[in-house]
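**Q** Please find the sequence and the predicted model below.
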Amino acid sequence: MEELLNGYFLQVFTFVCINIILALTIYMTLCTGILSLGNAGLMSFGAYTSAILTADYGFPMPLGIFCGGLMAAFVAMIIGLPTIRLRGLYLAIATLGFGEVVRVIALNLTITHGALGFSGIPSMASTLSDYASDWGLLDALEMDSQTGGQFLMCIVLLLIVIAIVTFWYRLEHSRVGRAMAAVKADEYAASLTGINVVYYKMMAFLFSAFFAGVAGALYAHATFFITPTDFDWHKVVDILLYTVFGGSNVLWGSVLGAAILTIVPESLRALSEYRDMIYGIMLVVLMGFRPDGILSYDAMKWISSKFSRKAKPVKVEGGDD
């Protein structure tokens with residue numbers, strides 16, 4: 001147990017949770033057939049908004065994180081109105097360009113501290129540790145302030161991930177989710193049935209942007225130092241890989257892909273010279289044998305069939321009325 005509570009393992013688990021949220025933002029847009037590559041830019045809006053509000057203006061951290069999500073959603077609404085009608089690669093290129101514009105602006109703004117980076121961001125672990133100390137929780141758990149703060153941060157992040165997964169799972173199986181699935185299958189056919197295609201695509205885009213902003217804010221408070229290079233096109237590729245690797249057609253594919261692609265590079269630190277090569281070979285092999293990712297509709301059906309009990313026929317007794 002003490003090894004699992006090691007600061008290094010807790011830090012890795014922290015980034016696993018944040019990356020799962022980022023992977024889910026890609027999955028949310030894919031539910032309506034949108035391929036958005038601007039999540040890193042939206043993530044930066046959430047990170048800088050929360051950092052500025054908490055570090056410079058003394059906002060409470062939960063409020064700063066929520067405002068970071070709202071700012072990202074607001075920006076997404078502005079750029080989404082003229083671009084959401086684009087399809088396929090045109091939308092992907094437009095959102096990718098937006099992310100690069102945001103990065104360049106952040107490099108030249110005084111309020112973001114430019115290329116020097118924004119430091120002095122309140123640490124989420126330290127804040128939670130202070131609260132836990134006031135409540136006597138750390139004494140009850142027999143933990144020091146640093147380990148206890150990191151442990152509580154992991155618990156909070158895990159609860160946030162569970163809440164997001166539960167929310168989107170229920171949305172997927174509602175009337176809204178069925179409309180989104182129809183839009184993804186065929187926009188023209190969906191519009192003929194009376195579905196407002198732009199409305200549902202915009203809804204998915206705004207949800208994705210909000211959670212990308214929340215993930216950015218969580219990242220800022222987990223690292224307490226951010227720079228514009230943290231949100232460049234490398235981050236875009238990483239976020240996209242999380243979903244594609246795990247399986248872009250099912251919700252749990254994004255969760256699994258983010259967890260694997262966060263843990264594997266860390267486990268290969270001993271082979272630092274060959275880590276990128278092994279990482280690349282693993283991706284190529286997977287795409288060659290399972291282009292739909294580790295999890296797909298067929299894989300999920302097979303798993304559910306193995307774990308679900310077969311319903312036994314019920315014999316109804318009794319004569320005719």
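**A** It's in.
**Q** and T54, how many neighbours?
**A** Look at T54: counted by other Cβ atoms under 10 Å, it has 26 neighbours. Using the backbone N, CA and C atoms, a C-beta is placed for each residue, glycine as well.
**Q** Kindly report the same for L206.
**A** 18.
**Q** now the helices: where do they sit in this protein?
**A** Here the chain has its helices, by DSSP state H, at 7-30, 39-55, 61-83, 88-108, 124-135, 137-141, 145-172, 175-185, 187-192, 197-223, 233-246, 251-267, 275-289, 297-307.
**Q** What mean pLDDT does the longest one get?
**A** In this case it means helix 145-172. The predicted model gives helix 145-172 an average pLDDT of 90.
**Q** how far away is the closest residue in space to L286 that isn't next to it in sequence from L295?
**A** Distance criterion Cβ to Cβ, 6 or more residues apart in numbering; nearest residue to L286, sequence neighbours excluded, is F245 at 6.4 Å. In this view, F245 and L295 are 10 Å apart by Cβ to Cβ, to the nearest Å.
**Q** ditto for V156
**A** 27 Å.
**Q** Mind checking which of these two has more residues around it?
**A** Looking at V156 and L295 with other Cβ under 10 Å, you find the greater number of neighbours at L295, namely 23 against 17.
**Q** so where's the stretch 201-321 of the chain shaky on pLDDT?
**A** For the stretch 201-321 of the chain, applying pLDDT under 70 flags the ranges 272, 297-321.
**Q** Repeat the analysis, applying 90 as the threshold.
**A** 232-234, 237, 244-245, 247-250, 264-321 (pLDDT under 90).
**Q** same deal with the stretch 1-150 of the chain?
**A** For the stretch 1-150 of the chain, applying pLDDT under 90 flags the ranges 1-11, 35, 81-92, 115, 125-150.
**Q** got the CA coordinates for stretch 288-296 in CSV?
**A** Extracted C-alpha coordinates of stretch 288-296, given in CSV (Å, rounded to 0.1, in the frame of the first residue of the first chain):
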residue,chain,number,x,y,z
GLY,A,288,-2.4,-3.0,-38.5
PHE,A,289,-4.3,-5.7,-36.7
ARG,A,290,-7.1,-3.7,-35.0
PRO,A,291,-7.7,-0.4,-36.9
ASP,A,292,-10.8,0.2,-34.8
GLY,A,293,-8.7,0.3,-31.7
ILE,A,294,-8.5,-2.2,-28.8
LEU,A,295,-12.2,-1.9,-28.0
SER,A,296,-14.9,-1.8,-30.7
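**Q** tell me which residues of that stretch are tucked away?
**A** Neighbour-count burial for stretch 288-296 flags D292, G293, I294, L295, S296 (criterion: 16 or more other Cβ atoms under 10 Å).
**Q** What of stretch 51-66?
**A** So stretch 51-66, judged by 16+ other Cβ under 10 Å, has buried residues A51, I52, L53, T54, A55, F59, M61, G64, I65, F66.
**Q** The fifth one and L283, how far apart?
**A** Taking Cβ to Cβ as the measure, A55 and L283 are separated by 37 Å.
**Q** ditto for the second one
**A** When distance is defined by Cβ to Cβ, I52 is 36 Å away from L283.
**Q** Could you do the third one as well?
**A** Taking Cβ to Cβ as the measure, L53 falls 38 Å from L283.
**Q** What sits closest to G257 if chain neighbours are left out?
**A** Closest to G257 by Cβ to Cβ, 6+ apart is G246, at 2.3 Å.
**Q** doesn't T262 make contact with the one you found?
**A** No - look at G246 against T262 with Cβ atoms under 8 Å: they stay out of range, at 11.3 Å.
**Q** These two: who's more crowded?
**A** Applying other Cβ under 10 Å to G246 and T262 shows that G246 carries more neighbours, namely 27 against 21.
**Q** Nothing else from me, thank you.
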